[in-house]
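[1] here is a sequence with its predicted model. Questions after.
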Amino acid sequence: MKELESWILKGLKTSFSKEKYIFYYIAANWSTIAGEVTAKHSKPVRLIGDVLTINTDNAAWSNNLLMLKKQLMGKINIFIPMEAGRKHAYKIKDIRFHTGSLPPDPVISQEDEKPFMPKLDSHHRCPKCGVMLLPGEKMCGKCEREEIQLTREKIHKILCKEPWIKHSDCIKQVNCDKMVFNDVKASLLEYAIWQAIKKDSSSAEKLFPVMLERSLTPDQITEEILKKALVRYKRSRIYVSPFRKQLHNKQK
Ligand SMILES: [Zn+2]
């Protein structure tokens, strides 16, 4: 529970960025913490140190909440994620209620304005190239893309050799999920269809997309199957204008 949040908190360097993150977390979950009705009339607007400021619709709501301050603070504090590796959680110690617009934020020093950077763990590294990884990553983005490309090339080679192969058999040769397999197959099929319907296509070129599309070995493909498939490929790939169709029919 809240594991990601606690790691993010740990990764944030300055207390300013931690505060900012905790504030963001409280504001994002405000209706869960305070309840829907209260959340409709109030919202957290600022957290400075351990003091949370909540803006309300009107003075009556401010008053309502002021009376419930202790309970509300308890609810908020339970909700704040614990920083990984820390014994004590961050706690809100006071809430101020405010109606109307707020005075501007106090000036923040340059030192505190560092970007939100999760801390890198020097032992958590990419198994392929060794760069440090973010929490939760298994491989760096670059290596992951290379890996996917390599898998696609392997699938492509297998399909060129055995176009009838099914995913369940392909995975015996290369570890790939069905979506990647189907995607490689679809792009190869598109190319193969264009090869099959060109003027001087060989019989191998005509057979290839049919084997690929229907997972059939050459001996399973009858003249009939082949003929029908080629007619369908031509129809779907070559646009014949109605005018030319008419001409064609007249010539017959
Ligand atoms: Zn890598």
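    Received the coordinates, thanks.
[2] bridging residues for the closest residue to residue 100 other than its chain neighbours?
    Among residues not flanking residue 100 along the chain, residue 55 sits closest, at 8.0 Å (CB to CB, 6 or more residues apart in numbering). Where you see a C-beta, it was placed from the backbone N, CA and C, and this is true even at glycine. Counting by DSSP bridges, residue 55 is bridged to residue 43, residue 98.
[3] correct me, but residue 55 touches residue 95?
    No. In this structure, residue 55 is not within contact of residue 95 by CB atoms under 8 Å, at 11.4 Å.
[4] which bits of the stretch 1-150 of the chain sit near the ion?
    With CB under 5 Å from the ion as the criterion, the stretch 1-150 of the chain meets the ion at residues 126, 128, 129, 140, 143.
[5] okay if I get these as a markdown table plus neighbour count and pLDDT?
    Listed next are these as a markdown table, based on neighbours: other CB atoms under 10 Å; pLDDT from 0 to 100:
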| residue | neighbour count | pLDDT |
| --- | --- | --- |
| 126 | 17 | 89 |
| 128 | 13 | 91 |
| 129 | 11 | 91 |
| 140 | 19 | 84 |
| 143 | 16 | 90 |
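[6] please narrow those to those residing in strands.
    Judged by DSSP state E, strands contain none of those.
[7] determine which two of those are furthest apart.
    128 and 140 (7.5 Å; CB to CB).
[8] for residue 96, give its distance to residue 130.
    Going from residue 96 to residue 130 by CB to CB, to the nearest Å gives 49 Å.
[9] between these two, which one's more packed in?
    For residue 96 versus residue 130, the count of surrounding residues by other CB atoms under 10 Å is larger for residue 96: 15 against 10.
[10] which residue is the nearest non-sequential neighbour of that one?
    residue 53 (4.8 Å).
[11] tell me the SS of that neighbour?
    strand (DSSP: H, G, I helix; E, B strand; the rest coil).
[12] got it, and residue 195?
    Three-state call for residue 195 (three-state DSSP): helix.
[13] tell me, how many residues neighbour it?
    The burial count assigned to residue 195 is 14, neighbours taken as other CB under 10 Å.
[14] go on, residue 49?
    Around residue 49 sit 10 other residues, with neighbours defined as other CB under 10 Å.
[15] separation between the residue nearest to it when sequence neighbours are not counted and the ion?
    Of all residues not flanking residue 49 in the chain, residue 19 sits nearest, at 7.4 Å (CB to CB, 6+ apart). From residue 19 across to the ion, the span is 34 Å (CB to the ion, to the nearest Å).
[16] same check, this time on residue 83
    Remark: distance between residue 83 and the ion (CB to the ion) = 28 Å.
[17] ok, now which ones touch the residue nearest to that residue when sequence neighbours are not counted?
    Spatial nearest neighbour of residue 83, chain neighbours left out: residue 9 (4.1 Å); criterion: CB to CB, 6+ apart. Going by CB atoms under 8 Å, 6 or more residues apart in numbering, residue 9 touches 18, 21, 22, 81, 82, 83, 84, 90.
[18] what's the farthest-apart pair in those residues?
    The span of these, defined through CB to CB, is set by 22 and 84 at 14.0 Å.
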